[in-house]
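Peer 1: got a predicted structure here, sequence first:
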Amino acid sequence: MDRTKHLDRSPAPARLKRGAGILIVVFWTVHFSLMWLRAQINIRLDDRDLLESTLHRLAFALFGAFLSYILYRCLRPLRLRGFARQAAIGAALALAAAFVQAALNTFMFGDMKHLLPTFIFYTLYWFWFYFSWTTAYLAFSYSITAEEQERHGAELAIMAQEAQVRALRYQINPHFLFNTLNAISALVRDAPAKAEEMVVRLSDFFRRSLAVDPTQDLTLSEEVDLQRLYLEIERTRFPDRLRFDVALGAGTAEAQVPALLLQPLVENAVKHGVARSEGPTCIRIRTRLDGAVLEIVVENDARAEGPGSGGGNVGLRNVAERLRSRFGQEASLASGEIPEGGFRNTIRIPLRR
């Protein structure tokens, strides 16, 4: 998506228009009020002259507001350019507006014998005024653009996270399906009853996992039930090697967790632990509360052949990035080998119900 097009469709231009209008009203109301007060202090006028002077100053203020609106219309298309370029163009436009206003002032109030000095004086005066307005407008415009770009960046990060989670789900399922179908084909002739049971479990797993929106939250009990079903199917592939134990601590079952958060960790435990181990391996899922923090531990006690027993880098990195995108510094994933054998992953996230 083109960033400029995205920003142009955003609500920022409407905010910018309102802000520019407020700046115009404030600047020229203050200027008119100061000039009117100065006239009252320095010049003694009768009521007729006072009314005429007030109307003249009001007309100048309205004309100046119109010039300020022209400046806004000229500067608005430049809001996505560099700030230095905007400032340079803004200064040139302020000088042009000052020339127009100074010419009008000189024609209306100037001394015919000293037109040039009067014109220069008014030009400098109005340049300062219009450049001040332009600077205020550009600062306001820059703050809106920066805020919008930050929001757009956050939206892109969320979209990337959602795409990553969906890709993870559809990456896991074909891999898992391939292995499971191979196991079923091996059971069809020798143990048709087990093959039928495995097909039922497989269909139940896919029905439930595909019904889950990976960008939403589940209760911890729902997430663990899905992983339990996954492990039941995998145990058919490794009947003599795979065992699992689930223990939910008090008060954790209804805690909210990101959907499919544990799937990569459990799959890693099977792929890098059980599949590589020659002896029985137990995969444990344990949870507990630590104040306002939910702690989830996924570990195995595999004495695996080859490097690692449950630490697939891609799966761990995906989980860590999901936690960081969702919770920032409030969540963590600690992974490492267990000294006595096996691999442990410890997730800590804010407790939410």
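Peer 2: Looks like it came in fine.
Peer 1: for A302, which three-state class applies?
Peer 2: coil (DSSP: H, G, I helix; E, B strand; the rest coil).
Peer 1: that one reaches F343, doesn't it?
Peer 2: Yes - shown here, A302 and F343 form a contact pair, counting by C-beta atoms under 8 Å, at 7.3 Å. Where C-beta positions appear, they are placed from N, C-alpha and C, glycine not excepted.
Peer 1: quick one, which of those two is more surrounded?
Peer 2: Counted by other C-beta atoms under 10 Å, A302 and F343 do not tie: A302 has more neighbours, with 29 against 25.
Peer 1: could you count how many residues lie near the closest residue in space to that one that isn't next to it in sequence?
Peer 2: Closest residue to A302 apart from its sequence neighbours, by C-beta to C-beta, 6 or more residues apart in numbering: G273 at 3.5 Å. Residues lying near G273 (other C-beta under 10 Å) number 27.
Peer 1: distance of G273 from V224?
Peer 2: Plainly put, G273 is 18 Å away from V224 if you go by C-beta to C-beta, to the nearest Å.
Peer 1: and if you look at I338?
Peer 2: I338 is 21 Å from V224, by C-beta to C-beta.
Peer 1: ok, these two, which is more surrounded?
Peer 2: Shown here are I338 and V224; by other C-beta under 10 Å, V224 has more neighbours (22 against 14).
Peer 1: how about the more buried one, what does it touch?
Peer 2: 246, 248, 262, 285, 287 (C-beta atoms under 8 Å, 6 or more residues apart in numbering).
Peer 1: E232 touches R201, doesn't it?
Peer 2: Yes - with contact defined as C-beta under 8 Å, E232 counts as touching R201 (5.8 Å).
Peer 1: tell me where the chain has strands.
Peer 2: 217-219, 242-248, 256-258, 281-290, 293-300, 332-337, 343-350 (DSSP state E).
Peer 1: among those, which is nearest V30?
Peer 2: Each of the strands of the chain has some distance to V30 by C-beta to C-beta; the shortest is strand 343-350, at 48.4 Å.
Peer 1: next one: L242, what pLDDT does it get?
Peer 2: pLDDT for L242: 88.
Peer 1: what is it paired to in the beta sheet?
Peer 2: Applying DSSP bridges to L242 gives these bridge partners: T281.
Peer 1: now do the contacts for it.
Peer 2: Applying C-beta under 8 Å, 6+ apart, the residues near L242 are 231, 234-235, 270, 274, 280-281, 283.
Peer 1: phi, psi for the residue nearest to L323 when sequence neighbours are not counted please.
Peer 2: Spatially, and ignoring its direct neighbours in sequence, L323 is nearest to A331 (4.1 Å; C-beta to C-beta, 6+ apart). Backbone torsions of A331, given as degrees, to the nearest 10, read phi -120, psi 160.
Peer 1: any idea how many residues pack against A331?
Peer 2: 19.
Peer 1: so where's the stretch 1-150 of the chain shaky on pLDDT?
Peer 2: Across the stretch 1-150 of the chain, the ranges flagged by pLDDT under 70 are 1-12, 39, 42-50, 109-113.
Peer 1: show me what the longest helix seen in the chain is packed up against.
Peer 2: Taking DSSP state H as the criterion, the chain has its longest helix at helix 115-190. Judged by 3 or more C-beta pairs under 8 Å, 6 or more residues apart in numbering; DSSP states H and E, helix 115-190 is in contact with helix 3-8, helix 12-42, helix 47-75, helix 83-109, helix 192-211, helix 220-237, helix 263-268, helix 313-327.
Peer 1: can I get those in a markdown table with distance to T118?
Peer 2: Conversion of the helices and strands packed on helix 115-190 to a markdown table gives the following (distance: least, C-beta to C-beta, whole Å):
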| stretch | distance to T118 |
| --- | --- |
| helix 3-8 | 44 |
| helix 12-42 | 17 |
| helix 47-75 | 15 |
| helix 83-109 | 5 |
| helix 192-211 | 80 |
| helix 220-237 | 80 |
| helix 263-268 | 78 |
| helix 313-327 | 63 |
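Peer 1: to F127, which of those lies closest?
Peer 2: Of the helices and strands packed on helix 115-190, the one closest to F127 (C-beta to C-beta) turns out to be helix 83-109, at 3.8 Å.
Peer 1: what's the neighbour count on E197?
Peer 2: Using other C-beta under 10 Å, E197 has 16 other residues around it.
Peer 1: quick one, what contacts it?
Peer 2: Here E197 is in contact with T236 (C-beta under 8 Å, 6+ apart).
Peer 1: returning to what we had before: CSV for the strands of the chain, including distance to F32?
Peer 2: Below are those laid out as CSV (distance: least, C-beta to C-beta, whole Å):
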stretch, distance to F32
strand 217-219, 57
strand 242-248, 71
strand 256-258, 58
strand 281-290, 64
strand 293-300, 60
strand 332-337, 60
strand 343-350, 54
